[in-house]
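# How does the following fold in three dimensions:
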Amino acid sequence: MKPLFYIFVPIFIASSAFGEGSSAEFLAGFVIGQYRLLGQETESGATYHGRAEIKRDGRTLKVKRTIAGKTVWGTAAIENAPMAEKPVLRLRFNEGEKACESTCLIHGDLNNYARLTCHLYRKDGTTRQPGLEALFAVAPR
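Take a look at the predicted model:
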């Protein structure tokens, strides 16, 4: 029983001591980087691939998505998913005239880089079939 105590108590104390704000700041720093992007379009389900980059611009996060030679800029933010009460990365950008949003779960890969899995949808709520994306970190060289 003692070994479990020594594992869980420090984790609980550390998570309580750093609080909500520090967690969001840590995650914001964790997701900064360049990614390979694999996706499936909303509605049609057609697949695509490209690159994405998340970087800090002052106190905010910016996202750059390049798919089929077309680059789109948007914003990114660490937010709490209301139903799950879990931090997610929310990406907001426009595809043509359509405002889009992507809600991403934040994971770590085996090399301690961020790996993101996302649901993509139109901001106006008209999406019948959400898109899917997976972002794999490209290790710095």
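# In three-state terms, label residue 26 for me.
State at residue 26, reduced to three classes by DSSP: H, G, I helix; E, B strand; the rest coil: helix.
# Ok, the one 4 residues further on next?
Here residue 30 is helix, with the state taken from three-state DSSP.
# Against residue 100, how distant is it?
23 Å (Cβ to Cβ, to the nearest Å). Heads up, the C-betas are built off the backbone N, CA and C, glycines and all.
# Please identify which of these two sits among more neighbours.
Between residue 30 and residue 100, counted using other Cβ atoms under 10 Å, residue 100 has the larger neighbour count: 21 against 17.
# what are the ranges of the strands in this structure?
In the chain, the strands defined using DSSP state E lie at 33-40, 47-57, 60-67, 70-81, 86-95, 98-108, 114-122, 131-137.
# Please spell out which residues along the longest one are buried.
The neighbour-count check on strand 70-81 (16 or more other Cβ atoms under 10 Å) flags 72, 74, 76, 78 as buried.
# swap in the last one?
Judged by neighbour count (16+ other Cβ under 10 Å), strand 131-137 contains these buried residues: 131, 132, 133, 134, 135, 137.
# do the fifth one as well
Residues of strand 86-95 classed as buried under the neighbour-count rule (16+ other Cβ under 10 Å) are 87, 88, 89, 90, 91, 93, 95.
# Next, count neighbours for the residue nearest to the fifth one when sequence neighbours are not counted.
The spatially closest residue to residue 91, leaving aside those adjacent along the chain, is residue 102, at 4.2 Å (Cβ to Cβ, 6 or more residues apart in numbering). As a burial measure, residue 102 scores 25 neighbours (other Cβ under 10 Å).
# bridging residues for residue 102?
residue 91, residue 120 (DSSP bridges).
# Equivalent analysis for residue 38, please.
Bridge pairing for residue 38 - DSSP bridges - gives residue 49, residue 134.
# Give me the neighbour count for it.
Residue 38 - counted by other Cβ under 10 Å - has 14 other residues nearby.
# wait, it sits on residue 47?
Yes. Residue 38 lies in contact with residue 47 (Cβ atoms under 8 Å); the separation is 7.5 Å.
# quick one on the thing from earlier: distance of the residue nearest to residue 91 relative to residue 110?
On the measure of Cβ to Cβ, residue 102 and residue 110 end up 24 Å apart.
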